[in-house]
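J.: Give the three-dimensional model of this entry:
(one chain, ligands or ions: 1)
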Amino acid sequence: MADTARFPDLTDKMDALIATARRSFDLRLQTNAGGNLSVRLGAGNAIVIKPSGVGFAECTRDNLQVVLLDGTILPSELKPSKDLDFHLDLYRIRPDINAIVHCHSPWATGYASAGLEIPCLTVQTIEKIGRMPLIALSANGGPQTEVEISPVFRDPQIRAAVLANHGTIGVGKTLMAAQYLAEIIEETAHIAYVRDTLMAAHGRSTADLPRYGTAADARAAG
Ligand SMILES: O=C(CO)[C@@H](O)[C@@H](O)COP(=O)(O)O
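T.: Just a heads-up that it's a prediction; the model follows:
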């Protein structure tokens, strides 16, 4: 494990990442060895990231990877996540991002596989997320990389996105903030499916729905 002299918060950030990964696994946002998550170290120029091929429930202080923002991988028996490059690029272009949770949560990935952007249809989702763009697969039809992901997150308002046929990304100032977004994305996809199914069954259209927004919207409307 990299030395704590160089990164005094290393152990704390590793333990936070392990706890976040376990929470995702326990909530079934991510099973098997898919998905990945990372957190920026206090020094600012390095991150801790899940090792490639290791499941969220199997992350330990010994297998987590430390990588500098310039791409230098600190010595380890394992390799960092296959998605390392998009994680690093997001930290470089968005100083406000200190944590990233990427998972293949089923309801959201179902929407993403249907080519549908998940509607931010609850007041909480409007308030916490605002909009979660659907990001297309890479030009060769493979998983999205920083080429597709970074341009979307250059908008400082974007804190969540859905990857077509792949999964979701939540970013935040802390791992818990990013994790909460991963949970809200999944919950919103499930709620949207229930709403759309019930409306179709009752012959209703979204035109029948009331205008709504956040409490701030309501106050502003007077
Ligand atoms: O789905 C994808 C492809 O990028 C990844 O999230 C998934 O395979 C996990 O890869 P890693 O174990 O992080 O290397």
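J.: Phi, psi for I169 please.
T.: Its backbone dihedrals place I169 at phi -140, psi 130, with angles given as degrees, to the nearest 10.
J.: when you give positions from now on, start the count at 651
T.: Renumbered: residue one is now 651, and that last one reads I819.
J.: what about the helices in the protein?
T.: 660-676, 734-743, 756-763, 773-778, 796-803, 825-851, 865-871 (DSSP state H).
J.: mind exporting the first one as PDB, just the C-alpha atoms?
T.: The C-alpha trace of helix 660-676 is given here as PDB (Å, rounded to 0.1, in the frame of the first residue of the first chain):
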ATOM      1  CA  LEU A 660      -4.900   7.500   2.300                       C
ATOM      2  CA  THR A 661      -6.200   5.000   4.900                       C
ATOM      3  CA  ASP A 662      -9.400   7.000   5.600                       C
ATOM      4  CA  LYS A 663     -10.200   7.400   1.900                       C
ATOM      5  CA  MET A 664      -9.500   3.700   1.300                       C
ATOM      6  CA  ASP A 665     -11.900   2.800   4.100                       C
ATOM      7  CA  ALA A 666     -14.500   5.200   2.800                       C
ATOM      8  CA  LEU A 667     -14.300   3.600  -0.700                       C
ATOM      9  CA  ILE A 668     -14.500   0.100   0.800                       C
ATOM     10  CA  ALA A 669     -17.700   1.100   2.700                       C
ATOM     11  CA  THR A 670     -19.200   2.800  -0.300                       C
ATOM     12  CA  ALA A 671     -18.600  -0.200  -2.500                       C
ATOM     13  CA  ARG A 672     -20.100  -2.500   0.100                       C
ATOM     14  CA  ARG A 673     -23.200  -0.200   0.300                       C
ATOM     15  CA  SER A 674     -23.600  -0.400  -3.500                       C
ATOM     16  CA  PHE A 675     -23.300  -4.200  -3.400                       C
ATOM     17  CA  ASP A 676     -25.700  -4.600  -0.500                       C
END
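J.: close to the ligand, is it?
T.: No - contact between helix 660-676 and the ligand is absent, the nearest approach being 11.2 Å (criterion: C-beta under 6 Å from any ligand atom). Yep, even glycine has a C-beta here, placed from its N, CA and C like the rest.
J.: Give me the distance from that helix to the chain's centre.
T.: The chain centre lies 14 Å from the centre of helix 660-676; the measure is C-alpha atoms, centre = their mean, to the nearest Å.
J.: What is it packed up against?
T.: Secondary structure elements in contact with helix 660-676, counted by 3 or more C-beta pairs under 8 Å, 6 or more residues apart in numbering; DSSP states H and E, are strand 686-690, strand 696-699, strand 749-753, helix 825-851.
J.: Next, format those as JSON lines and append mean neighbour count, distance to I785 and mean pLDDT.
T.: Converted to JSON lines, the helices and strands packed on helix 660-676 look like this (neighbours: other C-beta atoms under 10 Å; distance: least, C-beta to C-beta, whole Å; pLDDT from 0 to 100):
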{"stretch": "strand 686-690", "mean neighbour count": "26", "distance to I785": "16", "mean pLDDT": "98"}
{"stretch": "strand 696-699", "mean neighbour count": "24", "distance to I785": "20", "mean pLDDT": "98"}
{"stretch": "strand 749-753", "mean neighbour count": "29", "distance to I785": "12", "mean pLDDT": "98"}
{"stretch": "helix 825-851", "mean neighbour count": "19", "distance to I785": "13", "mean pLDDT": "97"}
